[in-house]
Every structure is written in C-alpha cells, then in structure tokens.
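Asks: Take a look and give me a structure for this.
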Amino acid sequence: MNDLTWTWISGNNTRDQPGVYGTKGEPSTDNYPGGRYPAVVWYDSVREEFWVFGGHGYGNSSTTGA
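Replies: This is a model prediction of the structure:
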C-alpha cells in the first residue's frame, strides 16, 4: 500500500549535517549528500540515479552552500 508518506531510510537524521561524498567514480552506500533547504529531489528508476537539485546548506566539511 502506498500512502505517499515520506520515510527516513538512512544517513543523518539530524539537521545541519555535512555530506559524505567518497571518491569520485566509486559508488558506496556510505555516501550521502549534506543537508539542503529548499531543494528538489528525485529518483530516476531507469538510470538508477538519485538527484538533488538546488538548495543552500552543507558540503562535505562546511556550511558554504551550493
């Protein structure tokens, strides 16, 4: 059943946390983006890619925004 409720799955569950990006070209389940607001996210199921677009927030070690 799909009730369209958002669910936290993994990564940081507190606000204002930096991301972990790992090594370029090497996928890892340990990688996740830093906190963003406001932003738009989507999952491309054909290419199996997760996209985060826009938002101000945290990179991998600072609050410089993106």
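
Asks: ok, which stretches of the protein are strands?
Replies: 36-37, 40-44, 49-53, 56-57 (DSSP state E).

Asks: Most tightly packed of those strands?
Replies: Highest mean neighbour count of the strands of the chain: strand 56-57, a mean of 18 (counted as mean count of other Cβ atoms under 10 Å). Quick note: C-beta positions are derived from backbone N, CA and C, even for glycine.

Asks: Sheet partners, orientation included, of it?
Replies: strand 36-37 (antiparallel) (DSSP bridges).

Asks: I'd like the average pLDDT over the strand it pairs with.
Replies: For strand 36-37, mean pLDDT is 75.

Asks: Can you tell me what sits against that strand?
Replies: Contact with strand 36-37 is made by 52, 54-58, 66, as judged by Cβ atoms under 8 Å, 6 or more residues apart in numbering.

Asks: In JSON lines, list those residues along with distance to residue 21.
Replies: Formatted as JSON lines, these follow (distance: Cβ to Cβ, whole Å):
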{"residue": "52", "distance to residue 21": "12"}
{"residue": "54", "distance to residue 21": "17"}
{"residue": "55", "distance to residue 21": "16"}
{"residue": "56", "distance to residue 21": "17"}
{"residue": "57", "distance to residue 21": "14"}
{"residue": "58", "distance to residue 21": "11"}
{"residue": "66", "distance to residue 21": "12"}
